[in-house]
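*Asks:* Sequence first, then the predicted structure:
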Amino acid sequence: MFKSQRLSFRKLGKPDFDFFYQIFSDEKVMKYTYLDRFKSIKEAEAAFQKVLSMQEDNDAGTQYIVSLNEENIPIGIVDYEILLKNQFGGIVNKKSFAVIGLRRKQRHVMIEFYSEYGINSSRIAKVHIKEEKRIVNRINITVIDEIDDELIEWLLSSYHIVSGEAD
């Protein structure tokens, strides 16, 4: 388990199935994700067992239950998965509007997202062209203050590109 000032993170475990099912079967929650929502408990149980198995392999990734420190009530699930990189060195795919990766050795969080055109900012660590009007940008976050209005605007723009709502 680890804690921030407001949140606690602990590995997902067997007692968390009900919360896992509640989130991943909720139509509103799953509306904008790249995953399909679970339509049955049987389907969710199979996925839950797969997640628990992946957690046994530290190199495959894991899921964490996120709770507010004050109430100690689960508010969400955060996961990371070790993915194979594509030919460009990135991991963004057409269904995701952003990918967040934890780089433990480099001590930063990497966020990759789409833009229609190049972003002229020293904050962008890496860029590659995926296809016309779909450029993948990478930013590295080392301190919480780097998650600011500018980054949120970039992520919203990326969401609009992927959802087909771009201007």
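*Replies:* Perfect, I can see it now.
*Asks:* mean confidence score for stretch 54-66?
*Replies:* Stretch 54-66 shows a mean pLDDT of 70.
*Asks:* ok, now stretch 13-32?
*Replies:* 87.
*Asks:* List of residues touching it?
*Replies:* Contacts with stretch 13-32, where a contact means CB atoms under 8 Å, 6 or more residues apart in numbering, come from 12, 35-39, 41, 44-45, 47-48, 51-52, 65, 74, 76-77, 159, 163. Bear in mind the C-beta positions are built from the backbone N, C-alpha and C, glycine included.
*Asks:* which parts of that stretch are buried?
*Replies:* 16-17, 19-21, 23-25 (16 or more other CB atoms under 10 Å).
*Asks:* Please save the CA atoms from that stretch in CSV.
*Replies:* C-alpha atoms of stretch 13-32 as CSV (Å, rounded to 0.1, in the frame of the first residue of the first chain):
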residue,chain,number,x,y,z
GLY,A,13,-7.5,-8.5,-3.9
LYS,A,14,-10.2,-11.2,-3.7
PRO,A,15,-12.4,-9.2,-1.2
ASP,A,16,-12.7,-6.4,-3.9
PHE,A,17,-14.7,-8.4,-6.4
ASP,A,18,-18.0,-6.6,-5.6
PHE,A,19,-16.5,-3.2,-6.1
PHE,A,20,-14.7,-4.4,-9.3
TYR,A,21,-18.0,-5.6,-10.7
GLN,A,22,-19.8,-2.5,-9.6
ILE,A,23,-17.4,-0.3,-11.6
PHE,A,24,-16.9,-2.4,-14.7
SER,A,25,-20.5,-3.3,-15.2
ASP,A,26,-21.8,0.3,-14.8
GLU,A,27,-23.0,1.7,-18.2
LYS,A,28,-22.1,5.3,-17.3
VAL,A,29,-18.7,4.5,-16.0
MET,A,30,-17.8,2.4,-19.0
LYS,A,31,-19.2,4.7,-21.6
TYR,A,32,-15.9,6.4,-22.5
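*Asks:* Filter the contacts of stretch 13-32 down to the ones in strands?
*Replies:* With strands taken from DSSP state E, the overlap with the contacts of stretch 13-32 comprises 65, 74, 76-77.
*Asks:* Residue ranges of each domain in this protein, please.
*Replies:* Here the domain parsing of the chain from automatic domain parsing is 2-81, 98-163.
*Asks:* List the buried residues in stretch 127-147.
*Replies:* For stretch 127-147, using 16+ other CB under 10 Å, the buried residues are 134-141.
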